[in-house]
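# no sequence for this one, just the structure:
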């Protein structure tokens, strides 16, 4: 694979070191950005996140990136959203009531049911639809207390089960969102990132 250039959005809530390390292992040249022009023009963009929706959306709003990210997803430009990054694409989350997400996808992130240990920390199996081009079936690493239960219409889906089925990942063309951490999921996760980079 030829060397790819990837921009990684500073959301103020992510463990960027592991994302950058995974991209480097795949031979990509990655750099961090808070610039609107990068969000609008970059061929490959990663939207990572760990923490609360409110904090991440505040950072994106302060940097003027909310509208450019919405427009990027609507245009189908190559974007990989990871963990909280996936939840930021939604309309909102029970975690931060009253805080709007990007609204690029319909739905709200809901907390796992009572009685489950949260956050879900560790490996879980995911099963991708037969038509998936980027997502796959295997074991991935999760660190989440909230999840999307119902997949948006028109997207190819990978599902997992933790106290009930939930959306582990979705894809449409070159836009991919993972509730799990592909950068922490060994060879399985690196293959997902590689296929995403090759999809644009």
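Perfect, I can see it now. All values derive from a computational prediction rather than experimental measurement.

# residue ranges for the helices of the protein, please.
Taking DSSP state H as the criterion, the chain carries its helices at 16-25, 36-41, 53-62, 66-75, 84-88, 186-199.

# can these go into JSON lines with extra columns for distance to residue 103, mean neighbour count and mean pLDDT?
Where you see a C-beta, it was placed from the backbone N, CA and C, and this is true even at glycine. Shown next, in JSON lines, are those (distance: least, C-beta to C-beta, whole Å; neighbours: other C-beta atoms under 10 Å; pLDDT from 0 to 100):
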{"stretch": "helix 16-25", "distance to residue 103": "24", "mean neighbour count": "17", "mean pLDDT": "95"}
{"stretch": "helix 36-41", "distance to residue 103": "16", "mean neighbour count": "16", "mean pLDDT": "96"}
{"stretch": "helix 53-62", "distance to residue 103": "11", "mean neighbour count": "19", "mean pLDDT": "95"}
{"stretch": "helix 66-75", "distance to residue 103": "7", "mean neighbour count": "16", "mean pLDDT": "96"}
{"stretch": "helix 84-88", "distance to residue 103": "10", "mean neighbour count": "28", "mean pLDDT": "96"}
{"stretch": "helix 186-199", "distance to residue 103": "22", "mean neighbour count": "19", "mean pLDDT": "97"}
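
# Out of those helices, which gets nearest to residue 162?
Taking C-beta to C-beta, helix 84-88 is the member of these nearest to residue 162, at 15.3 Å.

# right, and residue 142 touches residue 121 too?
Yes: with contact defined as C-beta atoms under 8 Å, residue 142 reaches residue 121; the gap is 7.2 Å.

# More neighbours: which of those two?
Neighbours were tallied for residue 142 and for residue 121 using other C-beta atoms under 10 Å; the higher tally belongs to residue 142 (23 against 12).

# For the more buried one, name its beta-bridge partners.
Per DSSP bridges, the residues bridged to residue 142 are residue 122.

# Now for it: which residues touch it?
Taking C-beta atoms under 8 Å, 6 or more residues apart in numbering, we find residue 142 in contact with 120, 121, 122, 123, 124, 160, 162, 168, 179, 180, 181.

# for residue 104, same thing?
Counting by C-beta under 8 Å, 6+ apart, residue 104 makes contact with 69, 70, 73, 74, 89, 90.

# what about 7 Å?
By C-beta atoms under 7 Å, 6 or more residues apart in numbering, the contact set of residue 104 is 70, 73, 74, 89.

# Enumerate every residue touching the closest residue to it other than its chain neighbours.
Nearest residue to residue 104 in three dimensions, chain neighbours excluded: residue 73, at 3.9 Å (C-beta to C-beta, 6 or more residues apart in numbering). Residues in contact with residue 73 (C-beta under 7 Å, 6+ apart) are 79, 89, 104, 175.

# Right, I'll leave it there.
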